[in-house]
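Peer 1: Requesting a structural model of the entry that follows:
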Amino acid sequence: MEDGDGFAVATVNPRVPILAGGLILLAVLATWLFGHLPWVLDGFRVHDDARGSATGLASVRLSIPLIAGQLTSLVAFTAIGSIGATLLPLAFPDLPRALAVVLSGLTLAVTTLILTLTARSSISTHAADAFAGDERVLDGLVAGVLLVTAAAGFLGCLASFQIGLLPLATAVVVGQLPVWFGALGADADLTRLLSRLGALVLLAAAFVISVRRSAGWIVLWPVALAIVWIATPLRIATSGMQDRLRPGAGLNEDNLSDVFAHGRELFRVSFWEAPQAWWPGVVAAGIAVVWLLVVRRRTLPHR
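Peer 2: Take a look at the predicted model:
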């Protein structure tokens with residue numbers, strides 16, 4: 001708009017501060033209460049029979065499962081929460097996109113840092129065995145959380161800036177669904193069913209949305225399917241590592257290198273040999289292609 005002298009005056013949507021506050025609140029909730037929902041519903045507690053749990057922690061509430069025996073869940077919960085938080089700008093079209101992405105990214109970073117350091121402090125204070133309270137164990141887990149948060153959050157921010165990249169961020173979530181549903185208490189068959197249906201729905205939606213403006217983004221679909229594929233051997237590797245990282249196993253430079261070598265070997269072996277449900281991704285791609293063809297046909301001029 002212009003002022004009385006004819007000069008242009010920038011106007012600010014009065015709803016921006018309210019929307020920004022809502023985005024920040026939802027990003028906190030997505031990072032913690034949604035991503036770590038199974039842990040939240042379980043009361044933030046370490047069970048006595050959990051692999052790698054530490055004596056003295058059974059009665060302690062931890063903000064996140066920052067223990068070696070929960071490594072697989074820790075990775076899955078962190079990745080899902082990070083993606084969820086950084087995709088929220090897509091639900092706030094009235095906010096300037098750059099502002100929304102920056103706010104969601106910063107909120108994710110701050111929330112993750114607070115939750116992680118809070119859990120670390122609780123473990124250092126209450127762990128009754130040397131393993132769980134070992135600085136190297138805690139520092140390694142903290143570094144892992146921050147690394148997963150950075151990688152997943154980066155993909156989520158990219159997808160919020162450029163919708164064509166949405167399948168990549170969605171694939172990260174899909175790859176972690178078996179752990180997430182399993183941690184909710186579902187049995188193996190139900191976990192398998194929910195994970196595959198979730199993969200079909202989420203990937204189909206992401207594929208369709210990604211090509212609404214340009215069909216060229218279809219080239220990233222195979223990359224998204226590869227991310228989903230890699231999630232299974234990665235999950236097997238982290239599960240094997242968490243079995244080796246437990247109280248009573250001892251901790252020194254030699255066996256730590258053995259643990260990581262064991263993880264790498266599990267990843268290599270299971271990359272091709274682990275059972276994979278390939279059909280949800282293929283069906284999702286097929287649905288998106290059919291949708292794209294139908295839309296293109298409708299938009300063609302009639303002769």
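Peer 1: Only C-alpha atoms from now on, for both contacts and neighbour counts.
Peer 2: Fine.
Peer 1: give me the number of residues near residue 17?
Peer 2: 12 (other CA atoms under 10 Å).
Peer 1: which strands and helices sit next to the host helix or strand of it?
Peer 2: Per DSSP states H and E, residue 17 falls inside helix 16-29. With contacts taken as 3 or more CA pairs under 8 Å, 6 or more residues apart in numbering; DSSP states H and E, helix 16-29 sits against helix 71-86, helix 97-126.
Peer 1: Of all the ones you listed, which one comes closest to residue 35?
Peer 2: For the helices and strands packed on helix 16-29, the distance to residue 35 is smallest for helix 71-86, at 3.6 Å, taking CA to CA.
Peer 1: Can you spell out which helices and strands pack onto the closest one?
Peer 2: Packing contacts for helix 71-86, counted by 3+ CA pairs under 8 Å, 6+ apart, involve helix 16-29, helix 97-126, helix 135-161, helix 166-183, helix 221-244.
Peer 1: thinking again about what came up before, next secondary structure after the helix holding residue 17?
Peer 2: Remark: after helix 16-29, the chain's next helix or strand is helix 37-41, criterion DSSP H and E.
Peer 1: Check which helices and strands that next one sits against.
Peer 2: So helix 37-41, by 3+ CA pairs under 8 Å, 6+ apart, packs with helix 166-183.
Peer 1: if we can go back for a sec, out of the helices and strands packed on helix 16-29, which gets nearest to residue 269?
Peer 2: Nearest to residue 269 among the helices and strands packed on helix 16-29 is helix 71-86 (18.1 Å), distances taken as CA to CA.
Peer 1: which outside residues touch that closest one?
Peer 2: By CA atoms under 8 Å, 6 or more residues apart in numbering, the residues outside helix 71-86 that reach it are 26-28, 30-32, 34-37, 64-66, 101, 104-105, 108, 144-145, 148-149, 152-153, 155-157, 160, 169-170, 172-173, 176-177, 179-180, 183, 235, 238-239, 242.
Peer 1: buried subset of those residues?
Peer 2: 26-28, 30-32, 34-37, 64-66, 101, 104-105, 108, 144-145, 148-149, 152-153, 155-157, 160, 169-170, 172-173, 176-177, 179-180, 183, 235, 238-239, 242 (16 or more other CA atoms under 10 Å).
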